[in-house]
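Asks: I would like the atomic coordinates for the input below:
(one chain, ligands or ions: 1)
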Amino acid sequence: MSEAPLLKVRDVSKFYGQRIGCKEVTFDLWPGEVLAIVGESGSGKTTLLNCISTRLMPSTGSVEYAMRDGSIRDLYHMGEAERRFLMRTDWGFVHQNPADGLRMTVSAGANVGERLMAIGNRHYGNIRSTALDWLTRVEIGTDRIDDAPRAFSGGMRQRLQIARNLVTGPRLVFMDEPTGGLDVSVQARLLDLVRGLVNDLGLAAIIVTHDLAVARLLSHRMMVMKDGHVIEHGLTDRVLDDPREPYTQLLVSSILQV
Ligand SMILES: Nc1ncnc2c1ncn2[C@@H]1O[C@H](COP(=O)(O)OP(=O)(O)OP(=O)(O)O)[C@@H](O)[C@H]1O
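Replies: A predicted model of the protein is given here:
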């Protein structure tokens, strides 16, 4: 890991009227590091993820990002066009529901290829061969390249969404319950795949999950949220093996096997 954080999140709070979405969240994320945000439903995980990824503007706080050229930018003071470019090129966002991250009626190949075109690739042959390569990497048969994702199973759709996000070589990927809504056996295969890709590509990732087994398998560090606050934060193995907060102890003990 390099010496400067990729993200510096400082005192990020989001209020929905009187209601707390998340409150005074501060942490650094380092290049190549995977952070899991865990907590029960309504604890503020998605609100925090959306604030950090600028899909939602926080009420207060700041997020600094180390750009590829080494400059540090304040995400909430970036122009809209620049932020969109960053999202398309340097970041990925994997939604729980693949339909939110895919174009369901265009082919699998086009779903992957259009991200390449968005960053300036114009050579059809190269785009198609890169798309084929990525379908293989996410274990989708290359004979399915011309099929639309609406003809795919849930697991295949999620793998295609991952290929679409990773094809442009992002440095940071946000994932919101990436295995939610899938069968257990499909989840296990997807988790293996995500873990392999994140390791191979040296990606930094922030993964929201209510499933501690997902956090155990994928993350280096984890933050536990309750009622919008981060109540515990540390190395994943430490938090899961030796939880300090009574609430985390309860969460851990409610899972038979993590
Ligand atoms: N658009 C909104 N308007 C009003 N309140 C909201 C909105 N979105 C979230 N909240 C509230 O903010 C709090 C945090 O919600 P959030 O969805 O971030 O939690 P979560 O941990 O991601 O839950 P889940 O796992 O169910 O998605 C909750 O009290 C929720 O009701």
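Asks: Next, count neighbours for the spatially closest residue to S107 that is not a sequence neighbour.
Replies: Nearest non-adjacent residue to S107, counting by CB to CB, 6 or more residues apart in numbering: D146, 4.9 Å away. The C-beta positions use only the backbone N, C-alpha and C, and glycine is treated the same way. For D146, the neighbour count with other CB atoms under 10 Å is 9.
Asks: Show me which residues of this protein sit near the ligand.
Replies: 16, 19, 21, 39, 41-47, 210 (CB under 6 Å from any ligand atom).
Asks: ok, now with 8 Å
Replies: 14, 16-17, 19-22, 39-50, 176-177, 208, 210, 225, 227-228 (CB under 8 Å from any ligand atom).
Asks: So which of the residues you listed are in helices?
Replies: Per DSSP state H, helices hold the following members of these: 45-50.
Asks: Convert the biggest helix by length in the chain to CSV, retaining C-alpha atoms only.
Replies: If you go by DSSP H, the chain has its longest helix at helix 184-201. Output of helix 184-201 as CSV, limited to C-alpha atoms (Å, rounded to 0.1, in the frame of the first residue of the first chain):
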residue,chain,number,x,y,z
VAL,A,184,-26.5,-19.2,-1.0
SER,A,185,-24.6,-21.3,-3.4
VAL,A,186,-24.6,-18.5,-6.0
GLN,A,187,-23.4,-16.1,-3.3
ALA,A,188,-20.5,-18.3,-2.5
ARG,A,189,-19.3,-18.4,-6.1
LEU,A,190,-19.8,-14.7,-6.5
LEU,A,191,-17.8,-13.9,-3.4
ASP,A,192,-14.9,-16.1,-4.5
LEU,A,193,-14.9,-14.3,-7.9
VAL,A,194,-15.0,-10.8,-6.3
ARG,A,195,-12.3,-11.7,-3.9
GLY,A,196,-10.1,-13.0,-6.7
LEU,A,197,-10.6,-9.9,-8.9
VAL,A,198,-10.1,-7.4,-6.1
ASN,A,199,-6.8,-9.1,-5.2
ASP,A,200,-5.6,-9.5,-8.7
LEU,A,201,-6.4,-5.9,-9.7
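Asks: start the count at 26, not 1, going forward
Replies: Got it, first residue is 26 now, which makes that one helix 209-226.
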